[in-house]
Structure formats: structure tokens, C-alpha cells
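>>> when you get a sec, could you give me coordinates for this:
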Amino acid sequence: YDAILDLSDDIFDLGTTITEQTKGLFGTIKSIFSSGSSTKETSKRRTGSKEEDSMLLDTSKGFLSNVSSFIHKSETGKSEGDYGLAEDINDGAGISFGAYQLTEKSGGVKDFVSRMAASGDENAAKLLKQFDGNSFSGNKGDLTKYLNSVGSTEKGKSTQDQMYQEKYVLPALKLAKENG
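The predicted structure is shown next:
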């Protein structure tokens, strides 16, 4: 019971911090992207460039750190995440993996393996050949063992973080930017 109360207090404190940082973040985003009013400029702001994406991520680091901690804790039980956690919890999503719990069914696991293969990881390249669409058709134990071993390496961590930023963070920040 005490552990539940402590967790509840932690979640409330985190929620308060995130709310305060969100207000500051949206003010910063609005000031960065409020200049210019032509259709061409507006369109350019909407699509963004790598420089703008980088600026968005830089200005929101504190906010994103708290959000990531909350996601990590809810997904893996650890505020720093468990980048090497890979398991099939029989929820219909196949293998769930890493600090953000990428799933096999959604294509996140295959995307991770594909990126690792593209970086020269020969084991990933062998496993990648065993995907049928997003589903892994090979020995699930081999895939889980690979994900457990590589997920917590610096390359594994940075790849997961990059995937999370590309798929979820940047689209959300761009939406916030568009809507002031």
C-alpha cells in the first residue's frame, strides 16, 4: 500500500513538473516559429528542416527528459528505462522491446533490427532476413536474445532514442508549433 502511495506521489510530482515545463516549452516554440507570415514561409515551418528539428529538440530537452522518464517507468518499471528488455508478454503485439517497448506487430522491432543491420551489425542482418512483414518468422528466442544483448549498448540506446524522437517527439512538437 505504501509503495502505491509513493508511486502516486511520484506521478503527481512528475505531472506537475511536466505541466510547468510544457507551458515554457510552448512559449519557446511559439517565439522560435512566429516570425514570417507568407504561405511559403508557413509551409516551410510546417515541414521543418533538420536544423529546425534540432532546434525543437534542443529547446525541449528538460521537458522531454521528464516525459521519457515517465514513459520508461510505466513501460519498464525503471525511470531510466530498460533498453535491453525484450519479451513476449502474450498480448498480441509479439515481442516488446527496449526502453520505449517497441513492438513486433507495430514494426518497431523490425525497424530497430533494420537500423542495426544498416550500421554494419552482421547478426542484425541475419535476423532481418527472417522477418515476414513485421512478424519474425525465425526462432523468437534468437531474436529476444539478440535484442537483450544489443539493446543496452550505446548504439542500441541511441538507436532506440532516435526512433522515438523521429516517430513520436518531432511530430508532436511540430503539431504544437503549427497550432501555436
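>>> please count neighbours and contacts with C-alpha atoms only from this point.
Will do.
>>> return the backbone torsion pair for residue 103.
phi -110, psi 150 (degrees, to the nearest 10).
>>> bridging residues for the residue nearest to it when sequence neighbours are not counted?
Setting aside the residues directly before and after it, residue 103 is nearest to residue 96 in space (C-alpha to C-alpha, 6 or more residues apart in numbering), at 4.4 Å. For residue 96, the beta-bridge partners under DSSP bridges are residue 87, residue 103.
>>> so what's residue 4 scoring on pLDDT?
pLDDT recorded at residue 4 is 65.
>>> shift numbering so it begins at 98
Sounds good: first residue 98 from here, last item residue 101.
>>> what's the neighbour count on the nearest residue to residue 195 once chain neighbours are set aside?
Nearest non-adjacent residue to residue 195, counting by C-alpha to C-alpha, 6+ apart: residue 180, 4.1 Å away. Residue 180 has 26 neighbouring residues, counting by other C-alpha atoms under 10 Å.
>>> pretty sure residue 180 contacts residue 196?
Yes: the criterion here is C-alpha atoms under 8 Å, and residue 180 meets it with residue 196 at 4.4 Å.
>>> what touches both of these two?
Common contacts of residue 180 and residue 196 (C-alpha atoms under 8 Å, 6 or more residues apart in numbering): residue 257.
>>> quick one: end-to-end length of stretch 225-239, please.
End-to-end distance for stretch 225-239: 12 Å, by C-alpha to C-alpha, to the nearest Å.
>>> done for today, thanks.
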